[in-house]
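J.: generate a structure from the sequence data that follows.
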Amino acid sequence: MTTSRREFLKKSAFALAGTSFLAACATATKEATATRLLGLQLYCVRDEMGTDPLGTLKELAKFGYQNVEHAWYRERKFYGWTPQEFKKILDDLGMKMPSGHTVLAPQHWDETTNDFTDVWKYTIEDAAYMGQQFVISPWMDETVRKSEDALMKQLEIFNKSGELCKKSGMMFGYHNHDFEFSEKHGDRTLYDIILMETDPNLVMQQLDTGNLYNGGAKAIDIVTKYPGRFQSMHVKDEIELPEAGEHGKYESTILGKGIVNVKEVIDLGRDSGGTIHFIIEQEAYQGKTPLECMKEDYEVMKSWGY
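T.: Take a look at the predicted model:
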């Protein structure tokens with residue numbers, strides 16, 4: 001992901017297997033047809049949502065989008081609107097918000113009370129009000145992931161957040177970048193540890209099909225290795241840049257134009273019984289406007305039967 005995305009997430013943070021796994025897969029398979037949906041991560045149109053959020057949502061609705069995933073929640077507001085205001089706006093446009101991104105950071109857990117802070121409890125409360133199915137944390141601080149002890153503690157908190165979300169009929173989740181596949185503790189990548197040490201009944205995974213390329217992994221391999229673990233996917237394609245820069249060797253592009261073999265990946269996710277949310281995300285545009293890309297991405301997904 002781009003540096004701007006990383007900085008955005010950091011700022012937002014601060015202002016196995018076994019019987020349970022098989023049960024989770026069975027449940028996902030049973031419910032998949034009824035709950036499968038296509039949506040858009042609003043970070044794709046981050047500048048537009050900053051300058052004209054209502055106009056941008058109206059344009060997306062015209063394209064056919066009925067589901068969006070937020071990337072901006074601060075001080076109990078979504079894009080500057082209260083949950084009540086934002087829900088009405090979406091309702092009026094015939095849209096829903098079944099998932100959202102809010103970083104679960106170490107400061108959201110109070111060691112003295114052995115409980116979540118009010119800030120995180122409000123996050124869950126407002127997500128439930130919006131009708132979300134998934135509350136997804138899209139970042140892991142470097143101080144957490146560089147220490148195996150700190151990482152294991154954070155994964156315990158992930159499970160506890162899953163318990164908290166479950167009380168409101170939701171699931172907590174995690175969204176990957178690239179470092180999860182390039183960084184290790186012992187012989188396990190961070191991503192292996194995350195999937196092995198979190199309870200699949202409490203913590204869902206949103207696989208970003210593009211981000212992992214900069215970490216040296218391929219989406220099809222990960223979906224094959226962990227069938228049924230990805231209730232949601234960020235549907236993203238990637239192109240290789242002429243020269244690797246500070247953002248890595250790859251950047252996102254129009255679906256079907258890159259090297260990910262996106263349709264094969266999402267079809268496998270769908271058919272494995274795990275993936276029910278297919279959330280488009282594109283962060284680089286190769287000379288087109290973000291909205292032009294969102295329209296084209298939507299049309300591609302519809303042509304693929306989603």
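J.: Three-state assignment for the nearest residue to Ala284 once chain neighbours are set aside, please.
T.: Leaving aside its sequence neighbours, Ala284 sits nearest to Glu251 (C-beta to C-beta, 6 or more residues apart in numbering; 4.1 Å). The way it works is simple: take the backbone N, C-alpha and C, and place the C-beta from them, glycine included. With DSSP: H, G, I helix; E, B strand; the rest coil as the basis, Glu251 sits in strand.
J.: contacts only, for Glu251.
T.: 2, 238-239, 241, 283-284 (C-beta atoms under 8 Å, 6 or more residues apart in numbering).
J.: beta-bridge partners for it, please?
T.: Taking DSSP bridges as the rule, Glu251 bridges to Ile239.
J.: return a ChimeraX selection command for the buried portion of the contacts of Glu251.
T.: Filtering the contacts of Glu251 down to the buried ones (16 or more other C-beta atoms under 10 Å) takes a single ChimeraX command:
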select :238,239,283,284
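J.: which of the contacts of Glu251 sits closest to Leu90?
T.: Glu283 (22.6 Å; C-beta to C-beta).
J.: I figured that closest one hits Tyr43, correct?
T.: Yes: between Glu283 and Tyr43 there is a contact at 6.8 Å, judged by C-beta atoms under 8 Å.
J.: any idea how far the longest helix anywhere in the chain is from the middle of the chain?
T.: The longest helix of the chain (DSSP state H) is helix 148-166. Centroid displacement of helix 148-166 relative to its chain, using C-alpha atoms, centre = their mean, to the nearest Å, is 17 Å.
J.: then stretch 128-138?
T.: With C-alpha atoms, centre = their mean, you get 10 Å for stretch 128-138.
J.: contact partners of it?
T.: By C-beta under 8 Å, 6+ apart, stretch 128-138 touches 9, 35, 69, 71, 78, 83-84, 86-87, 96-104, 123-124, 127, 158, 161, 165, 168-175, 177, 204, 206, 231-232, 277.
J.: return the set of buried residues in that stretch.
T.: In stretch 128-138, the ones that count as buried by 16+ other C-beta under 10 Å are 128, 130, 132-138.
J.: point out where this structure drops to low pLDDT.
T.: Residues of the chain that meet the criterion pLDDT under 70 lie in 1-34.
J.: now do the helices in it.
T.: 3-14, 19-35, 46-51, 53-63, 83-92, 118-129, 142-145, 148-166, 179-182, 190-197, 219-225, 262-271, 290-303.
J.: pipe these into CSV and attach distance to Asp110 per row.
T.: Formatted as CSV, these follow (distance: least, C-beta to C-beta, whole Å):
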stretch, distance to Asp110
helix 3-14, 16
helix 19-35, 28
helix 46-51, 31
helix 53-63, 33
helix 83-92, 24
helix 118-129, 9
helix 142-145, 16
helix 148-166, 11
helix 179-182, 26
helix 190-197, 22
helix 219-225, 34
helix 262-271, 36
helix 290-303, 39
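J.: and Gly245, which of those helices is closest to it?
T.: Evaluated over these, closeness to Gly245 peaks at helix 3-14, with 9.5 Å, by C-beta to C-beta.
J.: contacts for stretch 212-229, please.
T.: Contacts for stretch 212-229 (C-beta under 8 Å, 6+ apart): 1, 21, 24-25, 28-29, 176-182, 191, 195, 200, 205, 207, 209-210, 230, 238, 247-250, 259-261, 264-265, 268-269, 272-274.
J.: what subset of these is buried?
T.: For these, a neighbour count by 16+ other C-beta under 10 Å gives the buried set as 1, 21, 24-25, 28, 176-181, 191, 195, 200, 205, 207, 209-210, 230, 238, 247-248, 250, 260-261, 265, 268-269, 272-274.
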